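[1] Sequence and predicted structure, then a few things I'm wondering about:
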Amino acid sequence: MVIFLIGPSGVGKTPLAKSVSDGSKIIHIDLDSSVKQSNNNVSAPVFLGKHGPRWFFEEGRKEIELLHSKDTENAVFLVDVGAGFLLADEAFEFFKSQNTILVYAPPEIVYPRNKQKACNLGRQYDEFCKTEYLKKRELHANCRYRIDVADLSESEAKAKFKTELEKAVNLFRQF
């Protein structure tokens, strides 16, 4: 089973996914890193700037197709989806038919975390809100599962994520 984690940059998708990954039954895949490795280790922001969101989306889809070709009967591939993949117009249609979990916290909580990361690219608060929340509002609203991590410490968020992930896996197996 392939499950996609989406959410605003800086919300904590990667640490949450890593916290539950055991390498056998739950396998964490960082989509940005996979695309980077497939493209001579050039970072996502550089490729986005050079080629645009559509190209990044297509590169990510190639990585996802490889996952779907693997035997996923006993394993859960937890794909941490970076912002570059979500900026493409095609992302909304793609995720409508996928097992998708939104990791959510409001921008006033996420923006300070995001400012400390390289992926921020010097964005001011208004631009961050527009890119990470407004442009993706419909996508976020249509996720099959949502985990709100606002006002939680890192350890509380990890515990909640582990519990909610188990519920989400059971729900997705019914589809």
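    Received it, and whenever you're ready, just let me know what you need.

[2] Ramachandran coordinates for Glu63?
    Main-chain dihedrals, Glu63, degrees, to the nearest 10: phi -60, psi -40.

[3] just the helices in the chain please.
    Taking DSSP state H to define them, one finds helices in the chain at 13-20, 31-38, 44-51, 53-69, 83-86, 91-96, 107-115, 125-129, 137-141, 154-173.

[4] So which of these is nearest Ile3?
    helix 154-173 (6.5 Å; C-beta to C-beta). The C-beta positions use only the backbone N, C-alpha and C, and glycine is treated the same way.

[5] tell me which strands and helices that closest one is in contact with?
    strand 2-6, helix 13-20, strand 100-104, strand 145-148 (3 or more C-beta pairs under 8 Å, 6 or more residues apart in numbering; DSSP states H and E).

[6] Could you check how far that helix is from the centre of its chain?
    15 Å (C-alpha atoms, centre = their mean, to the nearest Å).

[7] For that helix, which residues meet the burial criterion?
    For helix 154-173, burial by neighbour count (16 or more other C-beta atoms under 10 Å) applies to 157-158, 161, 164-165, 168-169, 172.

[8] same check, this time on stretch 68-82
    In terms of neighbour count (16+ other C-beta under 10 Å), stretch 68-82 has its buried residues at 75-82.

[9] export those to a markdown table and tack on distance to Phe47 and pLDDT?
    Output for the buried residues of stretch 68-82, formatted as a markdown table (distance: C-beta to C-beta, whole Å; pLDDT from 0 to 100):
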| residue | distance to Phe47 | pLDDT |
| --- | --- | --- |
| Ala75 | 28 | 82 |
| Val76 | 28 | 88 |
| Phe77 | 23 | 90 |
| Leu78 | 23 | 92 |
| Val79 | 18 | 93 |
| Asp80 | 17 | 92 |
| Val81 | 15 | 91 |
| Gly82 | 11 | 82 |
